[in-house]
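Trainee: Turn this into a model:
(chains A and B, ligands or ions: 1)
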Amino acid sequence: MNNIAQGRAFVFGKNIDTDQIYPGCFVELTDVEDVRKHAMAGVDEDFVKKFKVGDIIVAGTNFGCGSSREHAAITLKGVGVGAVIAESFGRIFFRNAINLGVPVITCKGITAFVKAGDRVLVNIETGEIKNETTGNTAHAVPMSPYIMNILQSGGIKPMIKAQQEAKINAVL
Amino acid sequence: MHAIEKILAAKAGVDSVKSGEIVNCDIDVAGINDLYLQTVRSFYEMKGTKVFNPDKIIMFFDHYAPCATVMQADNHKHFRQFCAEQGIKKLMDINAGVCHQVMADIGWSYPGEIIIITDSHTTTHGAFGAFSTGVGATDLATIMITGKLWFMVPEIIRINLTGKLPQGVYAKDVILKIIGDLGADYAVYKAVEFAGPVLKELSISERMCICNMTTEMGAKACYIQPDEITKEFLKEKVTAKYKIYETDADFKYAEDLTYDVSNFEPQVAVPFSVDNVFDLSKYAGTKLNQAYLGSCTGGRTEDIAIAANILKGKQVHKDIRMILVPASRGVLAECIAKGYIQTLLEAGVTLTATGCAACLGIHQGLLAEGESCISSTNRNFPGRMGHKKGQIYLASPASVAASALHGVISDPRTEL
Ligand code: SF4
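Mentor: Residues are numbered from 1 along each chain as shown, chains lettered A, B, ... in the order given. Down below sits the predicted model:
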């Protein structure tokens, strides 16, 4: 994983729950190609049309609160989000995102610092954030080494998969 | 250390832990609900072959039960195949009910365990002195392969409940009031313990309701120190020897709050967030189209008994439909035996199959655009029970029943 994310900011308020990130009526879908089509549909039905790979989501407190559905993280990974920066995260969403290799960065005050459409550059490991539109900089909570390790493996899946393969190979 | 920390330490095989530390723990119960076929996919994507221990894995068919679409049926079919292949015997099929209630009914929730389910309201099992929390599909698949999961040891907030609950005010009102006061993000990443003299007045059913809803203040886990009420409840159900952990006297809580419940009133959380809470009287008279009694929050025997008591010999208002969803088969059987179901049917209530039903807007009682519902469930987000512009008012089972009687939001205290 690249430690740097850089893109346009899409800004949301606080308590954006998983139903807004991924409406419950689409939970039956399992294919990423289908799941990605409904990203953020509960708040902005045109989101997927406007969003480009690498763009960044900025939000207030408790982003991803609500249900444990992994679809919320899958859909954001599906649209190719560069990073999600929020004042705080719902904890299950936070775990799901890390497990899928989606960088989720906690930064107090981020919503005052970035406006919709600003260009943002963020160092995922150190938590340094630059608003390239205004020239301002901010500091997020640096990533714990344990979590950084998961992100750098591309998520928990490739990590466990490698362990499993090593185990299987050892038996063969 | 706190009892929660002691559980985490014991399951991680270390002497002590402190908040902020990441620990890798052995998992006692790994539950999967039927929304998460992704769990099975993730298991295979990560090259899983055999689950670590089929007896520690429980499959719950609750959200889709019984299936309303072909795709849901197809998901269940895949789950059944997976259970057969993996030797998972604890398949709680469509006749069982909502996972959290089934766990309690059977006696699978008890002190000192780590219980992980792919459901956000897994905080419920803190009512039994377990460490329990919800995770997503990939975390659960990780447990299925390795038997373990990582956790950040949470900071712990204690909420002391003092005073005496007035008549017509229930556990649901207490937790709504507190969430309204503290906010939906108050306890994010943290665990919440409930303590104080009021606990002695709260049954397991009410404790489950409170622990269940701490999810709506962002809590990672909830905890109530097991006591005589807990032991009495578990006596007939649990054969395993369990360990009750106690918090050290010198433990430092991140916050220590006290609420005197003596002046609490019936509460209502109004659209569209669970922390948008007011005294119910402020919204009394609001027109309703539906009253919903059910879920892992408010669909237990005690809840249904309260409603039956209010509606006995009366009729649900002609302009409202009331839907009853007993949380589990056990609850339904008990309510039939006690005559509550008969009473409610005679009052004009619609009984549906046990499970999650319309609580998350999948089936069995959805709202049309602009319709309003008073509900004993735990979420009132846009679209949670059907149309995005459906309005959900969260309240106690008593308030749901009183409102069903009048067709408008009504104070239950006048009906008792
Ligand atoms: S009853 Fe509602 S809150 Fe409880 S597990 Fe089912 S959908 Fe979730």
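
Trainee: Can you name the residues that contact residue B:20?
Mentor: Residue B:20 is in contact with B:152-153, B:155, counting by C-beta atoms under 8 Å, 6 or more residues apart in numbering or on different chains. Where you see a C-beta, it was placed from the backbone N, CA and C, and this is true even at glycine.

Trainee: and the nearest residue to residue B:168 once chain neighbours are set aside, backbone torsions?
Mentor: Closest residue to residue B:168 apart from its sequence neighbours, by C-beta to C-beta, 6 or more residues apart in numbering or on different chains: residue B:413 at 3.6 Å. As for residue B:413, its main-chain torsions (degrees, to the nearest 10) stand at phi -70, psi -20.

Trainee: Briefly note if the lengthiest helix in chain A comes near chain B.
Mentor: Secondary structure of chain A per DSSP state H: the longest helix is helix A:156-171. Yes - for a cut-off given as C-beta under 8 Å from any C-beta of the partner chain, helix A:156-171 has contacts with chain B, namely A:156-157, A:160-161, A:164-165, A:168.

Trainee: Let's see the ChimeraX selection covering just the buried ones among these.
Mentor: The buried residues among the residues of helix A:156-171 next to chain B can be selected in ChimeraX (16 or more other C-beta atoms under 10 Å in any protein chain shown) with this line:
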select /A:156,157,160,161,164
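
Trainee: which one of the residues of helix A:156-171 next to chain B is nearest residue B:392?
Mentor: Taking C-beta to C-beta as the measure, residue B:392 lies nearest residue A:156 of these, at 34.6 Å.

Trainee: give the contact list for the residue of chain B most remote from its centre.
Mentor: Most distant from the centre of chain B: residue B:47, at 32.8 Å, with distances by C-alpha atoms, centre = their mean. Applying C-beta under 8 Å, 6+ apart, one finds that residue B:47 lies in contact with A:160-161, A:164-165, A:168.

Trainee: If you rank the contacts of residue B:20 by neighbours, which is first?
Mentor: Ranked by neighbour count (other C-beta atoms under 10 Å in any protein chain shown), the contacts of residue B:20 have residue B:153 at the top, with 21 neighbours.

Trainee: I figured that residue hits residue B:5, correct?
Mentor: Yes - using C-beta atoms under 8 Å, residue B:153 makes contact with residue B:5 at a distance of 6.2 Å.

Trainee: Show me whatever sits in contact with both of the two.
Mentor: Common neighbours of residue B:153 and residue B:5, using C-beta under 8 Å, 6+ apart, are B:17-19.

Trainee: hey, C-alpha coordinates of the helix or strand bottoming out on mean pLDDT in chain A in CSV?
Mentor: The helix or strand of chain A with the lowest confidence, counting by mean pLDDT, DSSP states H and E, is helix A:156-171 at a mean of 88. Taking C-alpha atoms only, helix A:156-171 is exported to CSV below (Å, rounded to 0.1, in the frame of the first residue of the first chain):
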residue,chain,number,x,y,z
ILE,A,156,-6.2,-8.8,7.1
LYS,A,157,-7.3,-11.1,4.2
PRO,A,158,-3.9,-11.2,2.4
MET,A,159,-2.2,-11.5,5.8
ILE,A,160,-4.2,-14.6,7.0
LYS,A,161,-4.1,-16.0,3.5
ALA,A,162,-0.3,-15.9,3.5
GLN,A,163,-0.3,-17.6,6.9
GLN,A,164,-2.7,-20.3,5.8
GLU,A,165,-0.7,-20.9,2.6
ALA,A,166,2.5,-21.2,4.6
LYS,A,167,0.7,-23.8,6.8
ILE,A,168,-0.6,-25.7,3.9
ASN,A,169,2.8,-25.7,2.2
ALA,A,170,4.4,-26.9,5.4
VAL,A,171,2.1,-30.0,5.4
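
Trainee: Not counting that helix itself, show me its contacts.
Mentor: A:98-101, A:149-150, A:153, B:42, B:45-49, B:138-139, B:142, B:145-146.

Trainee: Which among these count as buried?
Mentor: Buried members of the contacts of helix A:156-171, scored by 16+ other C-beta under 10 Å, are A:98-101, A:150, A:153, B:42, B:46-48, B:138-139, B:142, B:145-146.

Trainee: Of those residues, which belong to helices?
Mentor: A:98-99, A:150, B:42, B:138-139, B:142, B:145-146.

Trainee: any idea which of those is closest to residue B:215?
Mentor: Distances from residue B:215 to these, taken by C-beta to C-beta, are shortest for residue B:139, at 16.0 Å.

Trainee: got a list of what the closest one touches?
Mentor: Counted by C-beta under 8 Å, 6+ apart, residue B:139 has contacts A:95-96, A:99, A:156, B:116, B:118, B:149.

Trainee: switch to 7 Å and redo it
Mentor: A:95, A:99, B:149 (C-beta atoms under 7 Å, 6 or more residues apart in numbering or on different chains).

Trainee: Please dump these into a markdown table; it should also carry pLDDT and distance to the ligand for every row.
Mentor: Putting the contacts of residue B:139 into a markdown table (pLDDT from 0 to 100; distance: C-beta to the nearest ligand atom, whole Å) gives the following:
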| residue | pLDDT | distance to the ligand |
| --- | --- | --- |
| A:95 | 93 | 18 |
| A:99 | 92 | 21 |
| B:149 | 97 | 20 |
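
Trainee: Include distance to residue B:387 when you put the residues you listed into TSV, please.
Mentor: What follows is the contacts of residue B:139, written out as TSV (distance: C-beta to C-beta, whole Å):
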residue	distance to residue B:387
A:95	31
A:99	32
B:149	37
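
Trainee: Most proximal residue of chain A with respect to the ligand?
Mentor: At 7.2 Å from the ligand, residue A:67 is the closest residue in chain A, using C-beta to the nearest ligand atom.

Trainee: thought that residue was touching residue A:18?
Mentor: Yes - using C-beta atoms under 7 Å, residue A:67 is in contact with residue A:18, at 4.7 Å.

Trainee: Without its sequence neighbours, what residue ends up closest to residue A:32?
Mentor: Of all residues not flanking residue A:32 in the chain, residue A:78 sits nearest, at 4.9 Å (C-beta to C-beta, 6+ apart).

Trainee: okay, now that neighbour: neighbour count?
Mentor: Per other C-beta under 10 Å, the neighbour tally for residue A:78 reads 21.
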